[in-house]
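Asker: Sequence first, then the predicted structure:
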Amino acid sequence: MSSTFTDIKYEVDGHKATVTLNRPDALNALSPHTVSELRSAYDEAENDDNVWIVIVTGTGRAFCTGADVGEIPEDGRVVYERPYLSTYDQWEAPQEGTPPFRRMAKPVLTAVNGLCCGAGLDWITTGDIAIASDKATFFDPHVSIGLVAAREMVRLARVLPRNIALRMALMGKHERMSAQRAYELGMISEVVQHDRLLDRANEIADIVNSNAPLAVRGTRLAIHKTLDLPMHEGEILAETFRERVVRTEDALEGPKAFMEKRAPNWKCR
């Protein structure tokens, strides 16, 4: 199954939704229209009970090179398709291509196929699993084009060692990190031979989907919602997610399937 978009491709296969940035001639830069389509795709995946995980990747030699500089006005303001300040998103820090990770339940797997910079880094720092082609490279060009490396690097400084994040931010386009180096630093969890990237992404997604989907979502939320909390408060909040899932049919099916030595039949309820 697929939906019709112009700047992205959206396809559902089994319990997986794949969002593909599809502006290869623009190195998958994010125009306001691209951002609007991404928002629609995320909402479609989140609201589709048949979708249990979202895969994000790109076409061509880039994953995403951040905002489309050609569409940034002279005053530097973000351009929106809706009237200025008419939506909550416009009062937030600009999210551009970022999945709505703070309010969505389903996990996001990012498969970086090539150049990844600027706002493209947001998928690395806010997604749940990030893998990369051995041809992928990472950098942040903001200061090289006269802009502050803001939200993107604040997030990255929570993923990378502080001095590495600062080096990347302050050297701008002149400092590029290889996929192997990103793996060594824990920014991504796996480097994959380029031609196998999508296959591997689907393999990982299938493994995630072999687990109880509501338990996966509760686990994801327990981690995301407690990262900024003191440990004890985080533990208490995480336990509330466990208690909710214990009341589901799947929480009964899991132990039953284990005792009967068979694969569980998850109902996602």
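Answerer: Sure thing, it's come through.
Asker: What strands flank the strand or helix carrying residue 130, and is each parallel or antiparallel?
Answerer: According to DSSP states H and E, residue 130 maps onto strand 129-133. Taking DSSP bridges as the criterion, strand 129-133 forms sheet pairs with strand 108-112 (parallel), strand 190-192 (parallel).
Asker: Please tabulate those strands in JSON lines, including the columns mean pLDDT, mean neighbour count and distance to residue 14.
Answerer: Yep, even glycine has a C-beta here, placed from its N, CA and C like the rest. JSON lines is the format used below for the strands paired with strand 129-133 (pLDDT from 0 to 100; neighbours: other CB atoms under 10 Å; distance: least, CB to CB, whole Å):
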{"stretch": "strand 108-112", "mean pLDDT": "98", "mean neighbour count": "27", "distance to residue 14": "14"}
{"stretch": "strand 190-192", "mean pLDDT": "98", "mean neighbour count": "20", "distance to residue 14": "21"}
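Asker: Can you lay out those strands as CSV showing distance to residue 69?
Answerer: What follows is the strands paired with strand 129-133, written out as CSV (distance: least, CB to CB, whole Å):
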stretch, distance to residue 69
strand 108-112, 21
strand 190-192, 29
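Asker: who wins for proximity to residue 65 among these?
Answerer: strand 108-112 (11.9 Å; CB to CB).
Asker: Could you list the residues in contact with the closest one?
Answerer: Here strand 108-112 makes contact (CB atoms under 8 Å, 6 or more residues apart in numbering) with 53-58, 63, 99, 101, 123-124, 126-133, 136, 138, 179, 188, 197-198, 200-201, 204-205, 208.
Asker: what's the average pLDDT for the strand holding residue 130?
Answerer: Throughout strand 129-133, pLDDT has a mean value of 98.
Asker: Please apply the same query to stretch 242-255.
Answerer: Stretch 242-255 comes out at a mean pLDDT of 96.
Asker: what comes up buried for it?
Answerer: 245, 248, 250-251, 254 (16 or more other CB atoms under 10 Å).
Asker: likewise stretch 147-159?
Answerer: 147, 149, 151-153, 155-157, 159.
Asker: which of those lies closest to residue 172?
Answerer: Using CB to CB, the buried residues of stretch 147-159 come closest to residue 172 at residue 149, 7.8 Å.
Asker: related to what we said a few turns ago, and the buried residues of stretch 147-159 as TSV, adding secondary structure?
Answerer: Shown next, in TSV, are these (DSSP: H, G, I helix; E, B strand; the rest coil):
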residue	secondary structure
147	coil
149	coil
151	helix
152	helix
153	helix
155	helix
156	helix
157	coil
159	coil
